[in-house]
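Q: Give me coordinates for this.
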Amino acid sequence: MTAFSPQFSASDAQVLERNVKYKGFFSLVKLSLKHRLFGGGWSQPMTREIFERGDAVAVLPWDPIRDEVILVEQFRPGALRGQESPWMLELVAGMVADGETDAEVALRESAEEAGCRLDRLQPIATFYPSAGACSEQIRAFIGRVVSAGVGEVHGLAEEHEDLLVHAISRVEALRMLDANKINNGHTLIALQWLARHGEALREQWLSK
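A: Predicted structure coming up:
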């Protein structure tokens, strides 16, 4: 079986014009662009609006001894939809500032958002949540928990963060996943990774 490789590269798309239409906490950029076509030649110039918010790091803290994951519950304005609760159970996550490494972000956000101290980090996935309209890339990790602020409220007041810290057994977290009770992408991806690789990683972490 041949491994997949994209037909085209970055040089096969051209940005003809770039205009920043809004710049606040996030940015909205209007692009005029064209790209090569699978059937040959180039597309006609097109206009697309791109939501820019920078890149983020997400962490699934996991205690392999207690076999529990640490998740935070928080309000999300984008989930205000009818009668559905806009409070979500999520990974620890934060934006990458200029000059920061992913590991630095992971450790900082784990402490700030969940009172978590981690002694190991393993990268598990790099992905674009919605590349048709958003430039954000998320780099996801799993971290070995030394301690966590379970039952505490964490977050930075100046960032309007209000996060309740939960410890959930791996069995229960995966049951929630299968029951469609996890409704945000980065948490879905991390828990799916844990379902596939958790036993091997637990054996590795407990042996060291």
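
Q: Got the domain ranges for the chain?
A: 10-52, 56-206 (automatic domain parsing).

Q: Dump those into JSON lines; add mean pLDDT and distance to Thr2 as well.
A: Placement of C-beta: from N, CA and C, glycine included. Formatted as JSON lines, these follow (pLDDT from 0 to 100; distance: least, Cβ to Cβ, whole Å):
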{"stretch": "domain 10-52", "mean pLDDT": "95", "distance to Thr2": "18"}
{"stretch": "domain 56-206", "mean pLDDT": "95", "distance to Thr2": "22"}
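
Q: Minimum distance to Ala3: which of those domains has it?
A: domain 56-206 (17.2 Å; Cβ to Cβ).

Q: now the end-to-end length of that closest one.
A: Using Cα to Cα, to the nearest Å, the end-to-end distance of domain 56-206 comes to 29 Å.

Q: right, so the domains of the chain: which one is the most enclosed?
A: Neighbour counts (mean count of other Cβ atoms under 10 Å) averaged over each of those peak at domain 56-206, with a mean of 17.

Q: need the helices for this protein, in chain order.
A: 102-114, 170-178, 185-206 (DSSP state H).

Q: what's the second one in contact with?
A: By Cβ atoms under 8 Å, 6 or more residues apart in numbering, the residues outside helix 170-178 that reach it are 62, 67-69, 71, 89, 168, 182, 188, 191-192, 194-195, 198.
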